[in-house]
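K.L.:
any chance you could fold what I've pasted below:
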Amino acid sequence: MVWSGSWVAERLGVGLVGDGELRELLGLALRRNPKRAHLLVSNVLGKHVPQRPSVVYGAGVELGRRVRALLGEDGARRAVVLGYAETATGLGHSVADGLGAAPYLHSTRRPVPGVARAGGFEEAHSHATSHLLLPEDPELLASAGPGSALVLVDDEFSTGNTVLNTIRALHERYPRDHYVIVALVDMRSPADRGRLTEFAAEIGARVDLVARNTGTVTLPDGVLEKGQALVAEREADEEGPQDGPPHPRPHTRLDLPWPAGVPDGGRHGFTGAHRALLEPALPALADHIARALGDRPRRVLVLGFEELMYAPLRLATALEERTDAEVRYSTTTRSPVLAVDDPGYAIRTRLVFPAHDDPADGPGERYAYNVAGAGFDAVVLVVDSAADTPALHAPGGLLDRLAPHTAQVLLVVIPSYVPGAIASERQEEAPMQLPEPLRGPAFSSYAPDEVGWLLQDLSDTRLEAPTEEREEAIQSGGAHYAESLPVEYQPSAEYQELFRSALTLSAARIARAVGTVTETVLAERGPRPVLVSLARAGTPVGVLMRRWARARRGLDLPHYAVSIVRGRGIDANALRWLAEHHDPADVVFVDGWTGKGAITRELTAAVAEFEKAGGVAGFDPEIAVLADPGGCVRTYGTREDFLIPSACLNSTVSGLISRTVLRADLVGPDDFHGAKFYRELAGADVSGLFLDTVAARFDEVADAVDAEVKELLAADRAPTWEGWAAVERISEEYGIHDVNLVKPGVGETTRVLLRRVPWKILARRGAGPDLDHIRLLAEQRGVPVEEVDALPYTCVGLIHPKYTRGATGADGKAVESA
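P.N.:
The predicted structure is shown next:
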């Protein structure tokens, strides 16, 4: 095998001398660093080189066991372990595990407001020099008496300057009589080896060194200048543009049920009690990841994030134990290193992306090495919640950079640990933390990446009421329609066949409308809009728009579903959640169709009220819809009033989700609106069939969409409100005198027949197959269909203006008068 340091050794004359295993443990690379030309690249650290997680973890644990043997059982229990950011945070934690019960702390470059510094130091040769010590327990670093050792862990011990400077600074503040330095490799020069004894005598303490391997790097004169020149020469030959293929695959997000109270690492300390909570939870956490990956991946990389090394490592070791996949582990880094695609060089490929955790030292480049071209068919990216920012998801961000190099990206987010006292203060100052969106398959039959539901799950609450009771209560003012649910319509075999026929006939027309509205949104609202569908009629449309953007543009658009209730407004807590996670200006509200424009007006008023009440400004209340027969919006796929098959059914074409519920005894001031997941209807679910059938027609309508969008963008699309005028006229002509009881358009008329007490249906004379399902439903419910001329819609549904139960006969069918 070619040694992964030979390329540097041959060109710069750098030598690596040591025990027999040293070249298996270390390779060489060139640093883009004016202070030090070469980089020792460890094959067992889990930073730059993907390695089996059991090997990475085992290397640290074995060093910890050697330290335990040195200290004895009593000394090991009283020791404290300190690891160095960023490369040794996981190694140090593994060493602490090997000791047994020792608490662990690592230095950090991420300041945490409100946490007092217990110390800090500089790293002379590093690209990022300042280290902070931020233990939650201010006494963590204090000596526990004679024989209480401080164990300092770094990946390599070269000049010794960093470690000795740390000991000197801590010894002044927390004096003790024993220090143990732990490293994977002891690479001190002969001149530096005597310094440790002199230093111990200087501070009056015992200082031991435990290293897995020992060796020396020999550097010829002028190596720094030669290295810088070689880097400059080779940079032009690096991997070049990183745009990837035109249609990168989207990622899937998984919020792990991380054990409560367990830190994500050692930034603020990690104790034996924390360890006792984490260890038994790891198998189940790994199973969550395995289920999200599915059965396909055979070669999986678990990719940690800068200082966040230990949690991803332990998830990776558990995944390695519990699956048949070939699992590897590495982490991203701040360290700029030259990449050279040569087997004799340790860093073969490099992905570059911007920092995504709002670093205190400002924005900058970050790197993932040896990931591109490594043949991973799945990458599990593990970040803490502080790093799950828009920058992570943005074009050119880490998720975007990973996508072209693997078939599947799974984003795993674990909560960033905040020390208890600070967390309590923040909780008192801040509003209640809103929960993460619900996702399938736990809530809805949609795939988890298709939509996040900003709702609360009311599946176990009885909310259904007979249609006649609901209608009477609603029209009498005794209840609001959103306080209960209609009994889910169970379609007959004839009706189900009608749905399938309608879907086959209209799939291309819907695909064209989906493409048109999506391309219009991308052209006018920026390249990365955040789709927010109005549950639930808007949700299938939002999913289809997301699929179009992915299939035709290679874009992975976020998509959420929120509740809006006529007369009550939009869910303000959902808007707050969106404002916390996205730029409100990027949010595009999506609905299925317009009728008379009531929801359009409702949303405009609701957003204004939200801002007036102190909510974040910037949300645009304009709605993008698939069909706008009422002329109520300017962003639409078509203004034809035609059958959208998703309007034919209720939950069984909408991910098995009910319409939304807003009731004071169920939805508190800090809650999302509610909805139910009808798992029991899975056998009748056609949600996936609807989406797949329409999406299968995307390619054939692409040219027509391009031409239509070009024409629309140049046209006057100002709302005409033609539909609202027609509704007012019909309301008066038919003696209803309430526009809320007039439901125009195929979609709204279908809803009347499925959910309300219908009075009669007005159908445009000569309307064709678009009304077949309307006629069937009307026949089943005994509702007359009246053909009329000069109707701007294909049909209009009229709700019975008499709200008593006399609106239906004994057989449940509608009657014309009561």
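K.L.:
got the buried residues for the host helix or strand of Val300?
P.N.:
Using DSSP states H and E, Val300 sits within strand 299-304. Residues of strand 299-304 classed as buried: Val300, Leu301, Val302, Leu303, Gly304 (neighbour count, 16 or more other C-beta atoms under 10 Å). C-beta here means a position set from N, CA and C on the backbone, and glycine is covered the same way.
K.L.:
and for stretch 277-294?
P.N.:
Leu278, Ala281, Leu282, Leu285, Ala286, Ile289, Ala290, Ala292, Leu293.
K.L.:
with stretch 99-114 instead?
P.N.:
In stretch 99-114, counting by 16+ other C-beta under 10 Å, buried: Leu99, Ala101, Ala102, Pro103, Tyr104, Leu105, His106, Ser107, Thr108, Arg109, Arg110, Val112.
K.L.:
in the buried residues of strand 299-304, find the pair that's most separated.
P.N.:
Val300 and Gly304 (13.6 Å; C-beta to C-beta).
K.L.:
please enumerate the strands of the stretch 601-750 of the chain.
P.N.:
Remark: strands assigned in the stretch 601-750 of the chain by DSSP state E, counting those that start in this stretch are 623-627, 635-638, 674-675, 742-744.
K.L.:
I'd like the next helix or strand past the strand holding Val300.
P.N.:
helix 310-322.
K.L.:
now the angle from that following helix to strand 299-304?
P.N.:
Per axes from the mean of the first three to the mean of the last three C-alpha atoms, to 10 degrees, the angle that helix 310-322 makes with strand 299-304 is 160 degrees.
K.L.:
what packs against helix 310-322?
P.N.:
helix 53-78, helix 89-99, helix 272-293, strand 299-304, strand 326-331, strand 378-384 (3 or more C-beta pairs under 8 Å, 6 or more residues apart in numbering; DSSP states H and E).
K.L.:
now do 10 Å
P.N.:
helix 53-78, helix 89-99, helix 272-293, strand 299-304, strand 326-331, strand 378-384, strand 409-414 (3 or more C-beta pairs under 10 Å, 6 or more residues apart in numbering; DSSP states H and E).
K.L.:
just checking, what packs against the last one?
P.N.:
It stands for strand 409-414. strand 251-255, helix 272-293, strand 299-304, helix 310-322, strand 378-384, helix 390-393, helix 398-402.
K.L.:
one more time with 8 Å
P.N.:
So strand 409-414, by 3+ C-beta pairs under 8 Å, 6+ apart, packs with strand 251-255, helix 272-293, strand 378-384, helix 398-402.
K.L.:
that strand pairs with which strands, and in what direction?
P.N.:
According to DSSP bridges, strand 409-414 forms sheet pairs with strand 251-255 (parallel), strand 378-384 (parallel).
K.L.:
tell me the most buried of those strands?
P.N.:
Among the strands paired with strand 409-414, strand 378-384 has the highest mean neighbour count (mean count of other C-beta atoms under 10 Å), at a mean of 25.
K.L.:
could the strands of the stretch 601-750 of the chain go into TSV alongside mean pLDDT?
P.N.:
Formatted as TSV, the strands of the stretch 601-750 of the chain follow (pLDDT from 0 to 100):
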stretch	mean pLDDT
strand 623-627	91
strand 635-638	92
strand 674-675	92
strand 742-744	87
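K.L.:
closest to Thr317 out of those?
P.N.:
The nearest among the strands of the stretch 601-750 of the chain, by C-beta to C-beta, is strand 674-675 at 38.5 Å.
K.L.:
re the thing from before, can you tell me which of the buried residues of stretch 99-114 end up in strands?
P.N.:
Counting by DSSP state E, the part of those found in strands is Tyr104, Leu105, His106.
K.L.:
can you get me a residue count around the residue nearest to Thr333 when sequence neighbours are not counted?
P.N.:
Nearest residue to Thr333, sequence neighbours excluded (C-beta to C-beta, 6 or more residues apart in numbering): Tyr367, at 5.5 Å. Neighbourhood size, Tyr367 [other C-beta atoms under 10 Å]: 21.
K.L.:
does Tyr367 sit in a helix, a strand or a coil?
P.N.:
strand (DSSP: H, G, I helix; E, B strand; the rest coil).
K.L.:
my read: Arg267 touches Met309, true?
P.N.:
No - applying C-beta atoms under 8 Å as the test, Arg267 and Met309 come out as separate, 11.2 Å apart.
K.L.:
of those two, who's got more company?
P.N.:
Using other C-beta under 10 Å as the criterion, Arg267 and Met309 rank with Met309 on top: 33 against 27.
K.L.:
ok, the residue nearest to the more buried one when sequence neighbours are not counted - contacts?
P.N.:
Closest residue to Met309 apart from its sequence neighbours, by C-beta to C-beta, 6+ apart: Gly90 at 3.0 Å. Gly90 makes contact with Leu45, Gly46, Val56, Gly60, Gly83, Gly304, Met309, Tyr310, Leu313, Thr331 under the criterion C-beta atoms under 8 Å, 6 or more residues apart in numbering.
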